[in-house]
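Peer 1: I would like to see how this sequence folds:
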Amino acid sequence: MSFTHLHVHSEYSLLDGMCRLDDLIAQTKELGMNSVAITDHGSLYGLFKFYIKAKDAGIKPILGIEAYKSKKPIKEKSTKESRKNHHLILLAKDYEGYKNLLKLSTISHLEGFYYKPRIDWEILQKHNKGLIAFSGGCLSSELSDYIAQNQLKSAEEAIEKYLSIFGENFYIEIQRHQGLEGSEEINKELIKLSRKFAVPLVATNDVHYIHKEDAYAQEVKLCIQTQHTIQEKNRDLTMIDVPDYYLKSPNEMKGLFIDIPEAIDNAQKISDMCNVEIPYGKIILPDFKTPNNIPAKDYLKELIDKRKSRIKKYDKKEVDKRLEYELSIILKKDFATYFLMVQDFVNWAKNNHIAVGPGRGSVAGSLIAYVLGITDINPLDYSLPFERFLNPDRPTPPDIDVDFADKRRDEVIEYVRNKYGKNKVAQIITFGTMEARLAVRDVTRALGYSYSEGDRIAKMIPIGKQGFAMTIASAIEESTQLRFAYQTEKDTKKIIDIARKLEGLPRHSSTHAAGVVISDKDLTDYVPLQKENKDVKVITQYDMYSLDLNSVSGNKAIGLLKVDFLGLRNLTILENALEYVLESTKQKIDIHDVLLDDKKSYELISSGKTIGVFQLESTGMRRLAKDLKPNKMSDIIAMVALFRPGPMELIPMFLKGKLNPDKIRYLHPDLKPILKETYGVLVFQEQIMEIGNKMAGYSMSEADNLRMAMGKKKKALMKIEKEKFISGCIKNGYTKKLADQIF
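Peer 2: Modelled structure (predicted):
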């Protein structure tokens, strides 16, 4: 017998659902079901991620939402009465239905939000196509509410309204959770209404967690959400009292509805009706209006020709050759519009006296970016390869992250909104998770223990290393103190065990520090939107991993263009400093005219007096500056590259080479031109690429793939690259032993 769960709250019903997407899909498979839905409260946060994960696992994803339908029209003035709403399940039958889910969720947040994101009859009527609606089977549904209040006439009127909007796509939902007061009487009336109006029944379980034994942890999670403790007696009937909100097997569901088997059959019938295919994996670029509507590629060429005079002191033929090469790849990839967009808002900021960073990350390797004013770093000065920025074999556009003075960053975003349309630009959501220490503190409070008890246990959990969050499992292994407390203290064990169940679950949403998406048409054709808390700022409901092709492995994202607008305090400081100089000396300084070989500046850095200097102000960095005594720009570049998790172990070798150049040794003389600037130490990813190119015969694109495999620590790829590297070196006359050593 087949069955599909069509009422499921995933981890993205924040602080309510506890079904992790991976676990939900795995358990669905384990129980012999071939499809499952998610219907999170009011929002679609995890919908696309669920779609991809389910598809990859061979499970059909049913895409839905448990909406809040307001009792009053949402356009009416908000009153105490406006807070009253009913739960309503909506499922997408097809792509049109999916797009209507996006619209409905967006409207509920942007127009209908009052304590909850709300919709009403009028909005449902407008966005009903491709959707299946359930009356809602829980006690908060419209029909259940009317029946409980003995308002059968209102229940019948509601059914007639639903039928007028959804027709044969409307079902009366029925649930059987044991021990809920009045639920049996309500279900009897629901069955009567179903027969009276010939509306089919559909059986669901209000799934909030995967396994029956998770009920207690789920209740603790609800206490965290509502800021209650689990001992309080005045709370409603809890999931501990009724521990059956889990993912039941088909046989369990059949047993619950043995008297109305058609309700079980209809669940699978509805699953068979739902067939949504979401387009993804291709970059979606906005339209950029060019003068006289000339093609983007021609306008890009025109701008490059106009502005290439910015490049000084290099041979014209060498410059033209590099520009032509870069342009050929950009045009081949169809990224002309992307470059035009970025140069447009960067130069607008500069023209409006907003401080802009000189260039961040791999974009510094593009001579075209320098010519267009996107960066202020000439890659020819530092032998930076273009392929580190844009690999010809890479299908997605490269990231161009831009720094702006933090107090004026929003002006640039507003310029972009006005240029492309407010309905096409939004900032990106991000989710804070219940990390180890936070989970312990939250659980301790919800269980009614003192703050000091939670603080004591949390402080036993070590801080994560190398930028990785510490997990409770790792903490028990690493911390003798925590392990002893866990093994000997009953209360500590209880807290830790529950915290482990909740660890890593999304806890709240906020706004990504920099990410902005820009679309070619209304964003709600691709992604649901909401407001950032009470702010007017509009953000996406999907996170960057669902939106941006560069944020995931492969092509499993919608493909909207993401640009990072970073607000940098140090640029504001620089901006203010230049203003003070102008006020006091009447002298205007262009920061880019400041020489990079100023002896006094290096003496200041070598003395460790760098508080307030971007990336050089930490205690460790100031100590390194004193030890190294940098006297050229390449020393500072290497310091920044080395002072991070992983490469830090190379600092003693780097210092030794700097202070004793005669003691530098190279595995082979051909490595000297590549590693001379860094005193024989392999510091930069670009050096990896150059070694692959010069010694193993890699093309620069292949060398970038080697760099990427190494950077992402992909063992399977590294094994392939090692064989390729060694055979390439041998082909070029080097020994296998040397090739092994270098790799």
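
Peer 1: as a quick check, tell me the outermost residue of the chain.
Peer 2: For the chain, the largest distance from the centre (C-alpha atoms, centre = their mean) belongs to D662, which lies 48.4 Å off.

Peer 1: in a helix, that residue, correct?
Peer 2: Yes: under DSSP: H, G, I helix; E, B strand; the rest coil, D662 falls within a helix.

Peer 1: check contacts around Y679.
Peer 2: By C-beta atoms under 8 Å, 6 or more residues apart in numbering, the residues touching Y679 are 654, 656-658, 661, 664. (C-beta placed from N, C-alpha, C; glycine too.)

Peer 1: same deal with S249?
Peer 2: S249 touches 31-32, counting by C-beta under 8 Å, 6+ apart.

Peer 1: cool, and S546?
Peer 2: S546 makes contact with 48-49, 52, 527, 557-558, according to C-beta under 8 Å, 6+ apart.

Peer 1: between these, which is nearest K77?
Peer 2: V527 (30.2 Å; C-beta to C-beta).

Peer 1: just confirm the closest one is within a strand.
Peer 2: No: read with three-state DSSP, V527 is coil and lies in no strand.

Peer 1: shouldn't it be in contact with K562?
Peer 2: No: applying C-beta atoms under 8 Å as the test, V527 and K562 come out as separate, 11.5 Å apart.

Peer 1: neighbour count winner among the two?
Peer 2: V527 (24 against 21; other C-beta atoms under 10 Å).

Peer 1: any regions of this protein where pLDDT drops low?
Peer 2: By pLDDT under 70, the low-scoring segments of the chain are 1, 233-241, 465-468, 534-535, 553-554.

Peer 1: can you name the element that comes right after the longest strand belonging to it?
Peer 2: Longest strand of the chain, by residue count under DSSP state E: strand 506-518. Downstream of strand 506-518, the next assigned helix or strand under DSSP states H and E is strand 529-531.

Peer 1: isn't L124 up against F170?
Peer 2: No: the pair L124 / F170 is not scored as a contact, 10.9 Å apart, by C-beta under 8 Å.

Peer 1: need the overlap of contacts for those two.
Peer 2: Shared between the contact lists of L124 and F170 (criterion: C-beta under 8 Å, 6+ apart) are residues A133.

Peer 1: show me where the stretch 51-200 of the chain has its helices.
Peer 2: Listed in chain order, the helices found in the stretch 51-200 of the chain under DSSP state H, counting those that start in this stretch are 95-110, 121-126, 142-148, 152-166, 183-197.

Peer 1: remind me what the shortest one packs against, helices and strands.
Peer 2: Secondary structure elements in contact with helix 121-126, counted by 3 or more C-beta pairs under 8 Å, 6 or more residues apart in numbering; DSSP states H and E, are helix 95-110, helix 152-166.

Peer 1: one step back: show me what counts as buried in the longest strand of the chain.
Peer 2: For strand 506-518, burial by neighbour count (16 or more other C-beta atoms under 10 Å) applies to 506-507, 509, 511-512, 514-518.

Peer 1: so what touches stretch 492-507?
Peer 2: By C-beta under 8 Å, 6+ apart, stretch 492-507 touches 11-12, 14-15, 18, 20, 45, 214, 216-217, 220-221, 224, 431-436, 438-440, 442-444, 447, 449, 454, 457, 471-473, 476, 485-487.

Peer 1: number of residues surrounding the closest residue to R409 other than its chain neighbours?
Peer 2: Setting aside the residues directly before and after it, R409 is nearest to G567 in space (C-beta to C-beta, 6 or more residues apart in numbering), at 3.9 Å. For G567, the number of neighbouring residues by other C-beta under 10 Å comes to 18.

Peer 1: list the contacts of the host helix or strand of C223.
Peer 2: Element membership of C223, judged by DSSP H and E, is helix 215-226. With C-beta under 8 Å, 6+ apart as the test, helix 215-226 has contacts from 14-16, 18, 208-209, 229-230, 238-240, 243, 245-246, 442-443, 445-447, 498, 501-502, 505.
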